[in-house]
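Peer 1: fold the following, please.
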Amino acid sequence: MVREAAYVLNTIARTGKVLDLFTADRPEWGVTAVAAQLQLPKSTTFDIMASLAAIGLLQQASGDRYRLGWRVLLISRRLMSSSCFDANTNRCVVALAHRLSAVVTVGAWDGQGVVCITSASPDRSQPIVTDGLHISGHTSALGKLLMAQLPWQAVEELIDRNGLPRFTENSVVDVNDLRAQLISAQRDDVAIEHGETYPDQSCIAVGIHQRDRRAIAALSISAPTERLMNRREAYFRIARRTARSLVQNEVPSR
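Peer 2: Alright, predicted model coming up:
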């Protein structure tokens, strides 16, 4: 029984790694390429990809090449409809981004990192993340806020697996510094970063909480560092008010 359970868990883990390979930059993968990338036997890789195609999570493009299947979209829609995030969330984020002339993003933790639920910018001059894209955990305010909800052992496992890569000269690369920031974020329900992901851009993030006080997601406001520092307290208040309104499904008043 234990051996069977371990086999099932191993298969699930491999399946997740296969699905993670499909991106906008590389939407098609062949069996041979996947096997080489994940260092799996080709026969095992074929069985996994064929099984995923059989249930609609992959679709065969040509020959032994596959793309993501349309069932992924159905699951995505089910996820959104079963959460507190809907079309109103996107409208609220867009309105706030234009009101503050800042990038506003809502993200959640998917077990491996921060995934963008929705993001808006007042114009194209500021960096923005695409819906569904993974966001850096240790250098983003969103990531720090959500990682702060995890047991430290889980954070250490993530660091062992992914390291603490530097994106700018301000990126946190010391484990002790990161732990201190996470403790602060958990205590205050606020995380902040200055130029750790993009130079001269700073960001604050607050939790989006359910009734049990568990942070199911986070909302961030990103702006040029000087402006964010000058308006930091106002941005904190606005971010918290907006986060509450998203759960209550209403747009905050000015």
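Peer 1: contacts and neighbour counts: CA atoms only from here.
Peer 2: OK.
Peer 1: from residue 29, how far off is residue 60?
Peer 2: Applying CA to CA, to the nearest Å, the value for residue 60 to residue 29 is 10 Å.
Peer 1: any residues in contact with both of these two?
Peer 2: Residues touching both residue 60 and residue 29 by CA atoms under 8 Å, 6 or more residues apart in numbering: 66-67.
Peer 1: count of residues packed around residue 142?
Peer 2: With neighbours defined by other CA atoms under 10 Å, the count for residue 142 comes to 35.
Peer 1: look up the closest residue to it, ignoring the ones flanking it.
Peer 2: Excluding the flanking residues, the one nearest residue 142 by CA to CA, 6 or more residues apart in numbering is residue 205, at 5.4 Å.
Peer 1: and that neighbour, what are its bridge partners?
Peer 2: Here residue 205 sits in beta bridges with residue 191, residue 220, going by DSSP bridges.
Peer 1: state the distance from it to residue 32.
Peer 2: 42 Å.
Peer 1: which of those two has more residues huddled nearby?
Peer 2: A count of neighbours by other CA under 10 Å puts residue 205 above the other of residue 205 and residue 32, at 32 against 16.
Peer 1: dump the residue contacts of the more buried one.
Peer 2: Contacts of residue 205 by CA under 8 Å, 6+ apart are 141-142, 145, 190-192, 218-221, 239.
Peer 1: backbone dihedrals for residue 115, both of them.
Peer 2: Main-chain torsions, residue 115, degrees, to the nearest 10: phi -110, psi 130.
Peer 1: return stretch 157-174 as CSV; C-alpha atoms alone will do.
Peer 2: Only the C-alpha atoms of stretch 157-174 are listed here, as CSV (Å, rounded to 0.1, in the frame of the first residue of the first chain):
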residue,chain,number,x,y,z
GLU,A,157,12.5,24.0,1.1
LEU,A,158,11.7,26.6,-1.6
ILE,A,159,15.0,28.3,-1.1
ASP,A,160,16.8,24.9,-1.3
ARG,A,161,15.1,24.2,-4.6
ASN,A,162,15.2,27.6,-6.3
GLY,A,163,17.8,29.6,-4.4
LEU,A,164,17.5,33.4,-4.0
PRO,A,165,18.5,34.7,-7.4
ARG,A,166,19.4,38.4,-7.7
PHE,A,167,17.3,40.5,-10.1
THR,A,168,18.7,43.9,-9.2
GLU,A,169,21.4,45.1,-6.8
ASN,A,170,18.7,45.6,-4.2
SER,A,171,17.3,42.0,-4.4
VAL,A,172,17.4,40.2,-1.1
VAL,A,173,19.8,37.2,-1.3
ASP,A,174,20.5,36.5,2.3
